[in-house]
Every structure is written in C-alpha cells, then in structure tokens.
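# Sharing a model that was predicted from the sequence below.
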Amino acid sequence: MSDNNPFDHSQIDDVIHGRLRLGVMAYLSSVSPAVFGELRDKVGATDGNLSTHLKKLEEAGYVHQEKRFVGKRPQTRVFLTDAGRKAWLDWISRMRAIMDAAE
C-alpha cells in the first residue's frame, strides 16, 4: 500500500473481498466457531455455494473446518484462524483508509 495514495486499492485482499466470503469472515470474526448450517443461514448461501467459498478461505489459511459427530449426526464447525483474523483486520483497516480518504 502506498502511504502517498490513500486510494490505493492494490492491497485489498481479493480472497476476503468477494461478497459471500466477506460475509463469512465478518460472521466468524464475532462467533468463531460457527456450525456450518448456522453460517449458511447467516450469510444466505446454499450448502454447495458456501462449501466452495469455504474451500477458498481454507486454501488461503483463513478458516479451518472441523468435522465431528453430535450423536449420530455429522456436524461441521468452521473456525477463523489467527491468519484469518489478521487478514480480516487488515482488510477492515484498508477499507477504512479508502473510506476516510473519500470523505
């Protein structure tokens, strides 16, 4: 990010910036871990769409999925990783800088 150009958007994390992934990161930043179905409902996604976006976030190291059984039913919990929390806070900081410069 250029300190001389507050409108520099080159450092915005494209992995987070996608709309659904943005919603996932925002939700997980406040409730990590979240059960898959809860997360799906909160971000308004289908199972398949959420799975695809979670895979991208997991590949970036931003989330971790843990599969377990509750009784006889499978359950997936999604955790925000330390790297994910840092990336989220960096994204917020970058967006604030752009918004402040635009005011």
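Yes, it's here.
# Report the buried residues of the lengthiest helix in the chain.
Across the chain, the longest stretch assigned as helix under DSSP state H is helix 82-102. Within helix 82-102, the residues that count as buried by 16 or more other Cβ atoms under 10 Å are 84, 87-88, 91, 94, 97. The way it works is simple: take the backbone N, C-alpha and C, and place the C-beta from them, glycine included.
# what residue is smack in the middle of this structure?
Centroid check for the chain by Cα atoms, centre = their mean gives residue 25 as the closest residue, at 2.3 Å.
# With just CA atoms, put stretch 32-50 into PDB.
Output in PDB follows, covering the C-alpha atoms of stretch 32-50 (Å, rounded to 0.1, in the frame of the first residue of the first chain):
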ATOM      1  CA  SER A  32     -15.900 -18.400  15.700                       C
ATOM      2  CA  PRO A  33     -16.500 -21.300  15.600                       C
ATOM      3  CA  ALA A  34     -19.800 -21.500  13.700                       C
ATOM      4  CA  VAL A  35     -21.700 -24.600  12.800                       C
ATOM      5  CA  PHE A  36     -21.900 -25.000   9.000                       C
ATOM      6  CA  GLY A  37     -25.800 -24.700   8.900                       C
ATOM      7  CA  GLU A  38     -25.800 -21.600  11.100                       C
ATOM      8  CA  LEU A  39     -23.100 -20.000   8.900                       C
ATOM      9  CA  ARG A  40     -25.000 -20.900   5.800                       C
ATOM     10  CA  ASP A  41     -28.200 -19.300   7.100                       C
ATOM     11  CA  LYS A  42     -26.500 -16.200   8.400                       C
ATOM     12  CA  VAL A  43     -24.800 -15.400   5.000                       C
ATOM     13  CA  GLY A  44     -27.700 -16.600   2.900                       C
ATOM     14  CA  ALA A  45     -25.900 -19.200   0.900                       C
ATOM     15  CA  THR A  46     -26.700 -22.700  -0.400                       C
ATOM     16  CA  ASP A  47     -24.700 -25.600   1.000                       C
ATOM     17  CA  GLY A  48     -22.700 -26.000  -2.200                       C
ATOM     18  CA  ASN A  49     -22.000 -22.300  -2.600                       C
ATOM     19  CA  LEU A  50     -20.800 -22.000   0.900                       C
END
